[in-house]
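Student: my questions concern the predicted model and sequence given below.
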Amino acid sequence: MKIQVLGSGCSRCMNLAANAETALQELGLEAEIEKVTAIEEIMAYQVFATPALVIDGSIKSAGRIPSSAEIAVWVAAAAKQNTEA
């Protein structure tokens, strides 16, 4: 599983990354968390508001900081999908 935080590296982006890490810890899962700061890469996702959260290539949120509980739901669903594939 790959989790990407899209944004300039501001405090909001860091908070989103921290919430993603907390969600992973709560679920007992491991995943790569990549911070994408290059504007060209962010634009490739057609995200117009940051921070944004991408899980396995799917945009889950943009322009806000979802809670770790909300992220945990998305991560659990992605993990389930990965095991079924």
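Tutor: Perfect, thanks for sending it.
Student: for this protein, which spans come out with low pLDDT?
Tutor: By pLDDT under 70, the weakly predicted segments of the chain are 85.
Student: dump the residue contacts of the residue nearest in space to the middle of it.
Tutor: Centroid-nearest residue in the chain: Leu53, 3.3 Å away (criterion: C-alpha atoms, centre = their mean). Counting by C-beta atoms under 8 Å, 6 or more residues apart in numbering, Leu53 touches 3-6, 16, 20, 59-62, 66, 71, 74. C-beta here means a position set from N, CA and C on the backbone, and glycine is covered the same way.
Student: got the end-to-end distance for stretch 47-59?
Tutor: 8 Å (C-alpha to C-alpha, to the nearest Å).
Student: repeat for stretch 23-42
Tutor: 23 Å.
Student: just the buried positions in it, please.
Tutor: Neighbour counts over stretch 23-42 (16 or more other C-beta atoms under 10 Å) mark Ala23, Leu24, Leu27, Ala31, Ile33, Lys35, Val36, Ile42 as buried.
Student: so the fifth one: helix, strand or coil?
Tutor: Just to be clear, that refers to Ile33. strand (DSSP: H, G, I helix; E, B strand; the rest coil).
Student: strands of this structure, start to end?
Tutor: Taking DSSP state E as the test, the strands found in the chain are 2-6, 32-36, 52-55, 58-62.
Student: dump the ones you listed to CSV, plus distance to Glu84.
Tutor: Formatted as CSV, the strands of the chain follow (distance: least, C-beta to C-beta, whole Å):
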stretch, distance to Glu84
strand 2-6, 17
strand 32-36, 20
strand 52-55, 16
strand 58-62, 15
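Student: for Ala78, find the nearest of those.
Tutor: strand 52-55 (5.0 Å; C-beta to C-beta).
Student: the closest one pairs with which strands?
Tutor: strand 2-6 (antiparallel), strand 58-62 (antiparallel) (DSSP bridges).
Student: good, we can wrap up now.
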